[in-house]
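>>> Any chance you could fold what I've pasted below:
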Amino acid sequence: MSKKQSKAYRAWEQACFDDYYDFRNHLILDPLYEQFQLWKAGQLHHDDINLAIHKVHKDNQDIYTLFTRSQADLFTIIQFTDWYKDWVKNHPMPVESGAFDDA
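Numbers count the residues shown, from 1 in each chain. Got it, this is the predicted structure:
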């Protein structure tokens, strides 16, 4: 998009990025937390928790790679997810007299 985006649109897009980042982290960290609870209770062997940590580290690298893309690429990728379809229902894109301004 060649014109500068409005402040409201930029804020909306940043909220999308922040919420998606949080979502992706919960996907990988919540199960790890549960596995730590099992390990702490003696129900999971330390080899299993070490493997889980390694997997989360690899998944975290994928998230890092995704979020170091340009904002335009990141937004395009997010828009093709089921997460976005649900998110945008509760966070409609700001509608202004033109989605862009010179600010």
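
>>> Where do the helices of the chain begin and end?
7-40, 46-67, 71-79, 82-90 (DSSP state H).

>>> Export these to CSV and append columns for mean pLDDT and mean neighbour count.
Where C-beta positions appear, they are placed from N, C-alpha and C, glycine not excepted. CSV is the format used below for the helices of the chain (pLDDT from 0 to 100; neighbours: other C-beta atoms under 10 Å):
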stretch, mean pLDDT, mean neighbour count
helix 7-40, 97, 14
helix 46-67, 96, 12
helix 71-79, 97, 14
helix 82-90, 97, 12
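
>>> Help me confirm that Leu66 comes into contact with Leu74.
Yes. Leu66 is within contact range of Leu74, at 6.8 Å (criterion: C-beta atoms under 8 Å).

>>> Mutual contacts of these two, please.
By C-beta atoms under 8 Å, 6 or more residues apart in numbering, Leu66 and Leu74 have no common neighbours.

>>> Let me see the contact set for the residue of the chain positioned farthest from its centre.
The outermost residue of the chain relative to its centre, with distances by C-alpha atoms, centre = their mean, is Gly42 at 32.2 Å. Contacts of Gly42 were listed using C-beta under 8 Å, 6+ apart, and none were found.

>>> Now it: phi and psi?
phi 80, psi 10 (degrees, to the nearest 10).

>>> Next one, pLDDT for it please.
Note for Gly42: predicted pLDDT of 96.

>>> again, but for Gln5
pLDDT for Gln5: 76.

>>> how much space is there between it and Glu13?
8 Å (C-beta to C-beta, to the nearest Å).

>>> what does Gln79 give?
Gln79 is 11 Å from Glu13, by C-beta to C-beta.
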